[in-house]
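Undergrad: My questions concern the predicted model and sequence given below.
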Amino acid sequence: MIAPSILSADFAHLADEADAVAGADWLHVDVMDAHFVPNLTLGLPVVESLLKATDIPLDCHLMIEDPGRWAPPYAEAGAHNVTFHAEATDDPVAVARDIRAAGAKAGLSVKPNTPIEPYLEILRSFDTLLVMSVEPGFGGQSFIAEVLDKARTVRRLVDAGELRLLVEIDGGINTDTIEAAAEAGIDCFVAGSAVYNTADPGAAVEALRRQAAA
Ligand code: DX5
Ligand code: ZN
């Protein structure tokens, strides 16, 4: 699965930017609050408008503090996935439960330096694990290959039938890096600059898809 990140899109023309990647599986929406990460992007009003403007399921990646308070409204609005950060809450299972109760899939994200072992037990409460392969906050950074060990660990548990969830990767994915991520067992690839900083975002999505399957 390919999930273009609108962080690298033209925010004044989001409906057109979504149309440009109509063949994508999910549209990745980076919500940043200038506290959990040193950048500010968009919030619930923009997500509500995007939901009306596109049929592509929205994959909301919340890089925010206090997800217990702010995450469930994205699910109520109609987001397909609502993913928040393990580092942002003391009770990720409760947040996941509230997201699911509000009708969305729940995702847990970990920053590059956050180990996965402490979270393996609770992953059964989640539908996706989003492994960050750059420090969250900005598009266009370089892929950190070391995080693939975390993906491999979780992939093994999924393949052994001990967990049921999708493994997603976010940051620095392009046609050069996607093969290594695919080999590590990633199910869903987020790509921002590799899709939107090109002349043909739709073709870029298909190029990533081909490369991931190669
Ligand atoms: C970074 C965001 C990413 C970002 C990826 O904090 O979570 O989704 O858009 O951008 P690229 O693909 O350019 O690394
Ligand atoms: Zn993201």
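TA: Alright, I've got the coordinates. Ligands and ions are numbered 1, 2, ... in the order given.

Undergrad: any idea which element the closest residue to ligand 2 within the chain lies in?
TA: For the chain, the residue closest to ligand 2 is His61, as judged by C-beta to the ion, at 3.7 Å. C-betas here are computed from N, CA, C, even on glycine. Here His61, judged by DSSP states H and E, is contained in strand 58-63.

Undergrad: now Val190
TA: Under the criterion of DSSP H and E, Val190 resides in strand 188-191.

Undergrad: elements contacting that strand?
TA: Under the contact criterion of 3 or more C-beta pairs under 8 Å, 6 or more residues apart in numbering; DSSP states H and E, strand 188-191 touches strand 2-4, strand 58-63, strand 166-170, helix 178-183, helix 201-213.

Undergrad: Contacts (any at all) between ligand 1 and that strand?
TA: Yes: residues of strand 188-191 contacting ligand 1 under C-beta under 6 Å from any ligand atom: 190-191.

Undergrad: how distant is whichever helix or strand comes after that strand from the center of its chain?
TA: From strand 188-191 onward toward the C-terminus, using DSSP H and E, the following helix or strand is helix 193-196. Here helix 193-196 is found 15 Å from its chain centre; the criterion is C-alpha atoms, centre = their mean, to the nearest Å.

Undergrad: So helix 193-196, near ligand 1 or not?
TA: Yes: applying C-beta under 6 Å from any ligand atom, one finds helix 193-196 touching ligand 1 at 193-194.

Undergrad: Same check on stretch 127-141?
TA: Yes: using C-beta under 6 Å from any ligand atom, we find that stretch 127-141 touches ligand 1 at 134, 136-137, 139-141.

Undergrad: show me where this structure has strands.
TA: Secondary structure of the chain (DSSP state E): strands at 2-4, 27-32, 58-63, 81-85, 105-110, 128-132, 166-170, 188-191.

Undergrad: What residues sit buried inside the third one?
TA: When you say that, I think you mean strand 58-63. 58-63 (16 or more other C-beta atoms under 10 Å).

Undergrad: okay, how far is it across stretch 81-101, tip to tip?
TA: Distance across stretch 81-101, first residue to last, is 13 Å (C-alpha to C-alpha, to the nearest Å).

Undergrad: Just the residues contacting it, thanks.
TA: By C-beta atoms under 8 Å, 6 or more residues apart in numbering, the residues outside stretch 81-101 that reach it are 26, 36, 57-68, 71-72, 74-75, 104-111, 114, 119, 122, 125-128, 130, 136, 168.

Undergrad: So for the residue in the chain sticking out farthest from the centre, what pLDDT did the model give?
TA: Ranked by distance from the centre of the chain (C-alpha atoms, centre = their mean), the top residue is Ala160, with 23.8 Å. With respect to pLDDT, Ala160 scores 98.

Undergrad: Likewise for Ala214?
TA: 87.

Undergrad: before we move on, what about Thr198?
TA: Note for Thr198: predicted pLDDT of 98.

Undergrad: again with the one 10 residues further on
TA: With respect to pLDDT, Leu208 scores 98.

Undergrad: same thing with Glu48?
TA: 98.

Undergrad: Can you report how many residues lie near Leu42?
TA: A count of nearby residues for Leu42, using other C-beta atoms under 10 Å, gives 17.

Undergrad: That one: what's it in contact with?
TA: For Leu42, the contacting residues are 11, 29, 31, by C-beta under 8 Å, 6+ apart.

Undergrad: Nothing else from me, thank you.
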